[in-house]
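Trainee: turn this into a model:
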Amino acid sequence: PLGVSFDELRQRHAVRRQRQLTIAASLTLVIAGVMGFLAIEARRQAGRADRMRTLAEGREAQVRRRLVLSQLDRGWEQYDAEGAARAMPWFVQALQSVEQSPGASETERGWSAVLRTLLGRMRREMALPEAVAAFQEDRERASATDVALSPDGRRVAIAKDDGTIELWSSDFARQTAQPLMHGRRAVALGFGPEGNRLASYGRDGEEGTVRLWDVDAGALLHGPQSIGEPTAFGQESVTFLPQGTGVVIAGVGDSVYAWTPYDTTRPLHRLAHEGPAWHAATDPEGRILATSGQDGTVRLWDTRSFEAVSAPLRHPDRVERIALSRDATRLASACGSGVGFIWNLGTERPLAALQHDAGVVSVAFGMDDRLVATGSWDGTARIWDARSGRRGDFSIRHQGAVVDLAFSDSRRLLATAGMDGAANVWDLASHRPLLGALPHGGPVVRVVFDEAGERLLTLSRDGIPRWWRLRAADPADVVHDLDSPVTQVD
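Mentor: Reported below is the predicted structural model:
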């Protein structure tokens with residue numbers, strides 16, 4: 001009745017069955033192939049991760065070796081030129097770079113034994129071996145995250161990573177008040193124009209806060225005011241408005257904040273950028289407030305209303321640092337594209353482009369606004385005419401980025417802070433270094449002259465603030481480590 005025989009039906013079923021088995025086998029092969037590919041890819045990714053990890057560890061070791069070799073080179077240069085006393089700090093830095101690195105190789109640990117033997121010989125050669133002992137003892141207690149010098153030069157404030165803020169006399173002979181407490185961690189400080197007010201920014205729990213202190217009384221005046229959250233990049237900065245009416249906090253998220261605690265109606269103003277806001281600057285008279293950021297702009301604000309007073313000054317890349325001339329007519333900017341700029345704020349157009357071979361990260365006006373200094377990832381600091389943009393006759397070289405600059409107009413000096421662990425002081429009249437390189441235990445991040453230009457305050461990532469005395473004749477550096485007696489290096 002079906003029109004086909006039983007044998008034909010059986011044959012058709014067999015064909016269909018064979019076809020199904022063939023398809024199943026093919027699928028099995030495909031699945032096996034896919035699984036094999038995934039297994040191979042997983043092994044490849046794991047191998048790639050291992051290679052990347054090994055590469056990262058290798059790069060870290062390479063950076064560490066370069067730092068140690070640079071410190072050793074500086075040490076031998078100083079030893080050949082001026083003897084063991086001048087050389088020893090560099091060899092101590094090299095030893096600490098090796099011994100305080102958790103990933104040090106067997107070869108690097110071998111360096112440690114050689115360096116200890118070398119330092120032992122140098123101690124016997126020196127009359128004052130205590131200098132190194134004091135220096136090493138201070139490193140174990142180091143914890144400073146920022147320093148500030150009062151405008152009158154009478155006080156030094158030191159922020160520490162345990163939340164304390166120490167107030168010292170300018171000769172570090174005594175603490176002028178009991179330590180102030182800023183929550184869990186203090187990261188940025190700034191003195192007011194009269195020197196009797198101090199603003200601090202730091203962490204309280206998971207949020208960032210700013211406080212205003214009376215340093216004469218050692219008492220809290222205002223705050224804590226919640227503002228953003230401290231970053232992991234160490235970009236935070238605190239700047240007083242020159243009239244003393246407010247504090248500007250930069251390096252916190254995508255905005256700069258102006259805190260005016262005496263204004264009870266609106267104490268907090270948010271000055272927004274389109275991305276992380278890195279820096280803020282104002283002129284001595286408080287005519288204008290400038291801010292810069294990752295969005296490649298510099299923005300100008302009225303210091304009373306905190307409203308924008310012009311269109312953004314646009315750059316080809318992020319703007320790391322800015323500086324305003326004293327008369328607020330010009331602005332200098334450090335741009336990540338490898339070019340710094342000097343702007344005419346009247347026309348809102350650049351006067352000059354200041355070329356480097358890598359991103360520019362620091363900038364400063366000096367010598368009564370006649371000069372601009374720029375520092376770069378290319379390891380140089382360069383001097384420029386602030387009106388024409390003409391480059392000076394010499395450059396200052398470091399083995400790493402130059403991340404901070406300071407002028408002493410009274411003595412015609414320029415100080416530079418290098419990621420190579422050295423600070424340099426240059427005589428702008430002779431175009432020569434005033435001193436040999438000043439060694440630190442880590443990248444130097446802050447240089448500040450006193451008003452007379454006779455001393456230099458420095459801070460490095462080793463957490464130790466140091467005073468260096470800059471002698472006019474037969475210069476020698478004297479370093480004050482905060483918990484030790486004066487160490488003289490002749």
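Trainee: and stretch 214-225, end to end?
Mentor: For stretch 214-225, the separation between the terminal residues is 16 Å (CA to CA, to the nearest Å).
Trainee: now it, how far from the chain's geometric center?
Mentor: Averaged C-alpha coordinates place stretch 214-225 at 27 Å from its chain's average position (CA atoms, centre = their mean, to the nearest Å).
Trainee: need the contact partners of that stretch.
Mentor: If you take CB atoms under 8 Å, 6 or more residues apart in numbering as the criterion, stretch 214-225 is touched by 150, 155, 157, 167, 176-178, 180, 183, 195-198, 204, 209-213, 259, 261, 267-268. All C-beta atoms are positioned from the backbone trio N, CA, C, and that covers glycine.
Trainee: what are the buried residues along it?
Mentor: Val215, His222, Gly223, Pro224, Gln225 (16 or more other CB atoms under 10 Å).
Trainee: about what we covered before: tell me which entries of the contacts of stretch 214-225 lie within strands.
Mentor: Where the contacts of stretch 214-225 overlap with strands, as defined by DSSP state E, the overlap consists of 155, 157, 167, 180, 197-198, 204, 209-213, 259, 268.
Trainee: mind putting those in CSV, neighbour count included?
Mentor: Supplementary listing: the ones in strands among the contacts of stretch 214-225 in CSV, determined by neighbours: other CB atoms under 10 Å:
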residue, neighbour count
Arg155, 21
Ala157, 25
Leu167, 21
Leu180, 22
Arg197, 20
Leu198, 26
Asp204, 16
Thr209, 23
Val210, 27
Arg211, 25
Leu212, 21
Trp213, 25
Trp259, 23
Leu268, 17
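Trainee: just those: which has the poorest pLDDT?
Mentor: When the ones in strands among the contacts of stretch 214-225 are compared by pLDDT, Asp204 scores lowest at 84.
Trainee: now do the contacts for the closest residue to it other than its chain neighbours.
Mentor: Leaving out its chain neighbours, the residue that sits closest to Asp204 by CB to CB, 6 or more residues apart in numbering is Gly183, at 3.4 Å. Gly183 sits next to Gly163, Gly202, Arg203, Asp204, Gly205, Thr209, Pro224 when contact means CB under 8 Å, 6+ apart.
Trainee: from these, which single one is nearest Ala429?
Mentor: Within the contacts of Gly183, the smallest distance to Ala429 is 40.7 Å, found for Gly202 (CB to CB).
Trainee: out of the buried residues of stretch 214-225, the closest to Ala417 would be?
Mentor: The shortest approach to Ala417 among the buried residues of stretch 214-225 belongs to Val215, at 25.3 Å (CB to CB).
Trainee: backbone phi and psi for that closest one, please?
Mentor: Its backbone dihedrals place Val215 at phi -80, psi -20, with angles given as degrees, to the nearest 10.
Trainee: how about it: what's its closest non-neighbour residue?
Mentor: Leaving aside its sequence neighbours, Val215 sits nearest to Leu198 (CB to CB, 6+ apart; 5.0 Å).
Trainee: quick one: end-to-end length of stretch 418-435, please.
Mentor: With CA to CA as the measure, the first residue of stretch 418-435 is 15 Å from its last.
Trainee: kindly report the same for stretch 272-292.
Mentor: Across its full length, stretch 272-292 reaches 10 Å end to end, with CA to CA as the criterion.
Trainee: what are the boundaries of the helices in the chain?
Mentor: Taking DSSP state H to define them, one finds helices in the chain at 6-82, 84-99, 106-125, 130-141.
Trainee: hey, least reliable of those by pLDDT?
Mentor: helix 130-141 (a mean of 38).
Trainee: sorry, back to before: quickly note the distance from the residue nearest to Asp204 to Gly223.
Mentor: 10 Å (CB to CB, to the nearest Å).
Trainee: what do you get for Glu206?
Mentor: Spatial separation of Glu206 from Gly223 under the definition CB to CB is 17 Å.
Trainee: do Arg397 as well
Mentor: As for Arg397, its distance to Gly223 is 43 Å (criterion: CB to CB).
Trainee: what comes up buried for stretch 397-405?
Mentor: Neighbour-count burial for stretch 397-405, counted by 16+ other CB under 10 Å, picks out His398, Gln399, Gly400, Ala401, Val402, Val403, Asp404, Leu405.
Trainee: circling back to that earlier point, of the buried residues of stretch 214-225, just say which sits nearest to Arg74.
Mentor: Closest approach between the buried residues of stretch 214-225 and Arg74, by CB to CB: Val215, at 37.4 Å.
Trainee: count of residues packed around the nearest residue to Glu454 once chain neighbours are set aside?
Mentor: Closest residue to Glu454 apart from its sequence neighbours, by CB to CB, 6+ apart: Leu470 at 5.8 Å. A total of 23 residues lie near Leu470 under the criterion other CB atoms under 10 Å.
Trainee: alright, that wraps it up for me.
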